[in-house]
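Participant: predicted model, plus sequence, below.
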Amino acid sequence: MARQDRDWFAHAMLGLGVVLFALPVWLVLAGSTQDSDAIARGDLSLVPDLTNFSAYPRVLAHGTMGAQPVWHMLLVSLGMALCIAGGKIAISILSAYAVVFFRFPFRKIAFWSIFVTLMLPVEVRIMPTYSVMATFGLINTFTGLWVPLIASATATLLFRQVFVAIPDELVEAARMDGAGPLRFLKDIVIPVSGANIAALFVILFVYGWNQYLWPLLVATDPGLDTIVIGLVKMIGVETQTDWSAVMATAVLALLPPVAVVLLMQRWFVAGLAEGEK
Amino acid sequence: MERRTVFGGWLLPILLVLPQLTLTGFFFYWPAAQAVWSSMTTQDAFGAGEVFVGLDNFSELLADPLYVASVGRTVVFCVTVSALAMGLALALAVFADREIRGKGAYRTLLIWPYAIAPALSSILFLFILDPRVGMLGRPLNRMGIDWDYHLNGNQALLTVVMASAWKQVSYNFIFFLAGLQSIPRAVIEAARMDGAKGWRRFRTINFPLLAPTTFFLLVVNIVYAAFDTFGTINALTHGGPGKDTETLVLKVYRDGFINQDIGSSSAQSVILMLGVIAITALQFRFMGKKVTE
C-alpha cells in the first residue's frame, strides 16, 4: 500500500473518532437554540438556530420550574471543584514533603496508612461515610460536599515521586545557605514542581466538578445542588420537560471542565501519563 | 529509593502529615471500620438498636439470587465497557501515532471528552437514543423497530454500556498514545528492516511493548466501570427497567439509602472494598515496584 493511501485511511479513522465524540455535544448545542415543544415532538435538528440563544439567560437567571437558577449551581460546582483541587494539592504536598525530606518516628506507618487508601473510591463506602458525616453535623453543608473527597492517596504518591527526584545537591546547597525546611519548601520544592501541580490541578478540578454520587447523598438541600445534580434532576421530571433549557444547562455544565482541559492540555497530558503509572 | 540528605527535627514533619492523616482517619478508616461493624449487625425488630449477628448478612447476601444476579450483571458490564473503551482507544492511538498532517489537532479533539462528567455522558446519549426525543431513537421506532430503553432491559444495558464506554475512551487514548510514543524508534526501524509489516509489526513489536500500559488501563477501566458509572446509570435508567441495569454500586445505594437496610448495604460495601483491595494488590504484584521503591 502506498504511503498516501495509508495516510488517507488514518485520516478517515481519526475523523470518524472525532465525529463520534463531537456529535453528541454538537447535538445539545444545536438543541439548546431550538423550541422545547418541537424537541418534545421529536423534531430535534442538527442545525442550530443562530438567532435564538434565549434559553441561556433563561436558565442562568431562573432555572427550570422549581429548581435553583443555574448561575447558583455553577457557583456551587466551581466552589466544590476549586476546594477539592486546592485542598487535595495542599495536604498532599505537605505530607509528601514530610515523608521524603524528614526522618521521624512512625514515618513508614504514616506513609503506608495513606498509601492503602489509594484505590478505594468513596462509592464503596457510602453508607458509613455518610453516618460519620452525620456525626460531625456536615450533612447539607458546603464543607460536607468537598472535605471527605480530598482524603485519598493519589496526589500524595505523585508528589512523593516528584520530590524523591529532586537532587540531594540542591538540599545541601539550601542548608548551607541556612535555609530552613519551610523556606526550602516554598522557594525550591514548590516552584520546581510547578508542572506537576498544574497537571494535578486539571485532573482534580475535573474530578471535583464531575462528582455525582457524593453530592447526591450529602446535600439534599436544593441550595447546594451542583450543576451535574441539577441537570439530572431536570430530566427526572418526566412530563413537560423543558428540553431546550435542559440542553442549555448541559452545555453550561460542560464548558468549564472542558475549558480547563483544553487550556492546560500540555501539562495535563504529560502529568497524567507520568503520574498515574 | 531513599534520600541521603534530610532535614532534622520530628515535630515539624509530624505537623505536616497531620492534616492528611486526620482526614484519612475520619473519612477513610473510621467509615471502613464502621462498615465492617455494621455488616455484622442488624436493626432489631422494633428499631431500638443494633443486634450482633456475625456473618449472617454475608451468608444472606450470597444466598440471595438478586445479589448474585447483580454480581453477574456487574461483571458483564465491566468487561464490555472496558473492552469497548480500550479497543476503540487503542485503534485511535495507533492512527494518531502516525506521522500525518494535523496530528496535533486530532489529539486535542480526541482528548477533550476526558472532561465530561459520567452523569452528563448519559444525558448526551439520551438525546440520541431516547425513543421520543432522540435523534436515532425516534426514527428507529418510526421504522417499526421497538426501541425503548425505558422498557427493554437489554436495550437499557446496551445504552448504559455505550454511554459509559464513550466517556472513558479519551482517558485510555492518552495512555495508549503515550505508551506508543515511548517505544524506541530504533526497535520499530529494526522491525521494518526485517520486513515486518503493518498488522504483523503491530502484533509482534508494538503490542507486547504496550502490555504494561494495557494492564494498568485494564485495572483502571474495571474500577471505573464498577464505581464511576453510578452517575451514568442512575441518571439514565435508575437501574431499571426492573433491575436490569442495577450494578453493585447502585444496589448498595438503593439498599442503604432508599430501603434503609443498613446491615445488608454495609455487608455489600465490605465485599466491594475487598474486591478493590484484591484488584489493587494484583496490580502492585505485577507492576508496583515504581510506587513503593
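Facilitator: Done, it's in. Residues are numbered from 1 along each chain as shown, chains lettered A, B, ... in the order given.
Participant: C-alpha only now, for contacts and for neighbours.
Facilitator: Fine.
Participant: per-residue confidence for the nearest residue to B:Asn172 once chain neighbours are set aside?
Facilitator: In space, and not counting its chain neighbours, B:Asn172 is closest to B:Ala89: 5.7 Å by CA to CA, 6 or more residues apart in numbering or on different chains. With respect to pLDDT, B:Ala89 scores 95.
Participant: please apply the same query to B:Lys289.
Facilitator: 49.
Participant: cool, B:Arg4 as well?
Facilitator: So B:Arg4 comes in at 65 (pLDDT).
Participant: name the nearest residue to A:Tyr130, ignoring sequence neighbours.
Facilitator: Counting by CA to CA, 6+ apart, the residue nearest A:Tyr130 is A:Val218, at 7.0 Å.
Participant: wait, the one you found sits on A:Trp146?
Facilitator: No - judged on CA atoms under 8 Å, A:Val218 makes no contact with A:Trp146 at a distance of 10.1 Å.
Participant: does stretch B:91-109 reach chain A?
Facilitator: Yes - applying CA under 8 Å from any CA of the partner chain, one finds stretch B:91-109 in contact with chain A at B:92, B:95-96, B:98, B:100, B:106, B:108-109.
Participant: before we move on, what about stretch B:252-264?
Facilitator: Yes - Stretch B:252-264 reaches chain A (CA under 8 Å from any CA) through B:253, B:256-257, B:262.
Participant: that older thread, how many neighbours does the residue nearest to A:Tyr130 have?
Facilitator: A:Val218 has 22 neighbours, counted by other CA atoms under 10 Å in any protein chain shown.
Participant: likewise the one 3 residues further on?
Facilitator: Residues lying near A:Asp221 (other CA under 10 Å) number 11.
Participant: give the contact list for the closest residue to it other than its chain neighbours.
Facilitator: Of all residues not flanking A:Asp221 in the chain, A:Asn140 sits nearest, at 6.0 Å (CA to CA, 6+ apart). By CA atoms under 8 Å, 6 or more residues apart in numbering or on different chains, the residues touching A:Asn140 are A:218-221, A:224.
Participant: what's in contact with stretch B:134-143?
Facilitator: By CA under 8 Å, 6+ apart, stretch B:134-143 touches A:42, A:44-45, B:126-132, B:146-148.
Participant: in that stretch, what's buried?
Facilitator: B:134-140 (16 or more other CA atoms under 10 Å in any protein chain shown).
Participant: inside helices: which ones of those?
Facilitator: Those of the buried residues of stretch B:134-143 mapping onto helices are B:137-140, per DSSP state H.
Participant: how about the residues of the stretch 101-250 of chain B by chain A?
Facilitator: Counting by CA under 8 Å from any CA, the stretch 101-250 of chain B sits next to chain A at B:106, B:108-110, B:112-120, B:123-125, B:127-128, B:132-135, B:138, B:166, B:174-175, B:178, B:216, B:227-228, B:230-231, B:235, B:249.
Participant: ok, now with 7 Å
Facilitator: B:106, B:109-110, B:112-113, B:115-117, B:120, B:124-125, B:132-135, B:138, B:174-175, B:178, B:227, B:230-231, B:235, B:249 (CA under 7 Å from any CA of the partner chain).
Participant: list the buried residues for the longest helix that chain A contains?
Facilitator: The longest helix of chain A (DSSP H) is helix A:70-101. Neighbour-count burial for helix A:70-101, counted by 16+ other CA under 10 Å, picks out A:70-74, A:76-101.
Participant: ok, which of those also contact chain B?
Facilitator: Among these, chain B is touched by A:91, A:94-95, A:98, A:101 when using CA under 7 Å from any CA.
Participant: what residues are up against the residue nearest to A:Tyr130?
Facilitator: By CA atoms under 7 Å, 6 or more residues apart in numbering or on different chains, the contact set of A:Val218 is A:130, A:139-140, A:144-145.
Participant: closest to chain B out of those?
Facilitator: A:Tyr130 (8.3 Å; CA to the nearest CA).
Participant: B:Ala211 - how many residues pack around it?
Facilitator: 12.
Participant: for the chain, give me the ranges with low pLDDT.
Facilitator: Defaulting to chain A. A:1-6, A:65-66, A:119, A:237-239, A:273-277 (pLDDT under 70).
Participant: let's do chain B instead
Facilitator: B:1-5, B:44-48, B:196, B:287-293.
Participant: phi, psi of the most centrally placed residue in it?
Facilitator: Nearest residue to the geometric centre of chain B (CA atoms, centre = their mean): B:Tyr224, 1.1 Å. The phi/psi pair for B:Tyr224 (degrees, to the nearest 10) reads phi -60, psi -50.
Participant: how about B:Thr41?
Facilitator: Torsion angles, degrees, to the nearest 10, at B:Thr41: phi -130, psi 170.
Participant: wait, it touches B:Leu55, no?
Facilitator: No - counting by CA atoms under 7 Å, B:Thr41 stays clear of B:Leu55, with 8.6 Å between them.
Participant: separation between B:Phe202 and A:Asn140?
Facilitator: Taking CA to CA, to the nearest Å as the measure, B:Phe202 falls 53 Å from A:Asn140.
Participant: also B:Gly239?
Facilitator: Distance from B:Gly239 to A:Asn140, by CA to CA: 26 Å.
Participant: same question, A:Ala61
Facilitator: Relative to A:Asn140, and taking CA to CA, A:Ala61 is found at 23 Å.
Participant: next one: A:Ile227
Facilitator: Distance from A:Ile227 to A:Asn140, by CA to CA: 16 Å.
Participant: again, but for A:Phe163
Facilitator: A:Phe163 is 38 Å from A:Asn140, by CA to CA.
Participant: and the lengthiest helix in chain B, what does it pack onto?
Facilitator: For chain B, the longest helix by residue count, based on DSSP H, is helix B:65-96. Other helices and strands packing on helix B:65-96, by 3 or more CA pairs under 7 Å, 6 or more residues apart in numbering or on different chains; DSSP states H and E, are helix A:3-31, helix B:153-181, helix B:211-223, helix B:248-253.
Participant: quick one: it to chain centroid distance?
Facilitator: 9 Å (CA atoms, centre = their mean, to the nearest Å).
Participant: and the next helix or strand past it?
Facilitator: helix B:103-111 (DSSP states H and E).
Participant: burial of A:Val25, as a residue count?
Facilitator: 22.
Participant: oh sorry, the question was meant for B:Glu189
Facilitator: With other CA under 10 Å as criterion, B:Glu189 counts 12.
Participant: what's the helix or strand for it?
Facilitator: With DSSP H and E as the criterion, B:Glu189 is inside helix B:185-193.
Participant: repeat that for B:Gln268.
Facilitator: Applying DSSP H and E, one finds B:Gln268 within helix B:262-287.
Participant: same question, B:Thr42
Facilitator: B:Thr42 belongs to strand B:41-43, assigned by DSSP H and E.
Participant: for that strand, which helices and strands make contact with it?
Facilitator: Against strand B:41-43 (3+ CA pairs under 7 Å, 6+ apart) you get strand B:50-52.
Participant: cutoff 10 Å now
Facilitator: The contact analysis (3 or more CA pairs under 10 Å, 6 or more residues apart in numbering or on different chains; DSSP states H and E) places strand B:41-43 against strand B:50-52, helix B:56-63, helix B:262-287.
Participant: can you redo these as JSON lines with mean neighbour count and distance to A:Ile109?
Facilitator: Formatted as JSON lines, the helices and strands packed on strand B:41-43 follow (neighbours: other CA atoms under 10 Å in any protein chain shown; distance: least, CA to CA, whole Å):
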{"stretch": "strand B:50-52", "mean neighbour count": "14", "distance to A:Ile109": "32"}
{"stretch": "helix B:56-63", "mean neighbour count": "15", "distance to A:Ile109": "31"}
{"stretch": "helix B:262-287", "mean neighbour count": "19", "distance to A:Ile109": "18"}
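Participant: what's the closest of those to B:Leu15?
Facilitator: B:Leu15 lies closest to helix B:262-287 among these, at 29.1 Å (CA to CA).
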